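1. coords below, sequence missing:
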């Protein structure tokens, strides 16, 4: 990856940003430093490393979505805002066609 010169104004234009000359002068070396780090990372040998979604172990996984066996139907509905005939009532969201 060769990046002898990165046009900060062009990148800013792609992001729909208007930069002053001072901002361009500030961001130019920062962008080049970021790309140097990416280049260094791309040279690492990761062939023996298994891909993961998380860097560490995942805790607090969600439980199965099943009602507790010891709860009665009335106990499960006690927090429902509106109920009728042992079921939760919800407002109608589909109009007649």
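-> Received it, and whenever you're ready, just let me know what you need. Just so we're clear, the structure is a prediction, and the values are computed from it rather than from any experiment.
2. how about the contacts made by residue 12?
-> Listed by CB atoms under 8 Å, 6 or more residues apart in numbering, the contact set of residue 12 reads 18-19, 24, 27. Any C-beta I mention is one placed from the backbone N, CA and C, and that applies to glycine too.
3. from those, list the buried ones, please.
-> The neighbour-count test (16 or more other CB atoms under 10 Å) marks 19, 27 as buried among the contacts of residue 12.
4. reformat the contacts of residue 12 as CSV; add secondary structure and pLDDT.
-> Below are those laid out as CSV (DSSP: H, G, I helix; E, B strand; the rest coil; pLDDT from 0 to 100):
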residue, secondary structure, pLDDT
18, coil, 94
19, coil, 94
24, helix, 93
27, helix, 93
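5. would you check which pair of the contacts of residue 12 lies furthest apart?
-> With CB to CB as the measure, no two of these lie farther apart than 18 and 27, at 12.6 Å.
6. before we move on, back to that, export the contacts of residue 12 as JSON lines, with columns for distance to residue 49.
-> Conversion of those to JSON lines gives the following (distance: CB to CB, whole Å):
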{"residue": "18", "distance to residue 49": "42"}
{"residue": "19", "distance to residue 49": "38"}
{"residue": "24", "distance to residue 49": "38"}
{"residue": "27", "distance to residue 49": "33"}
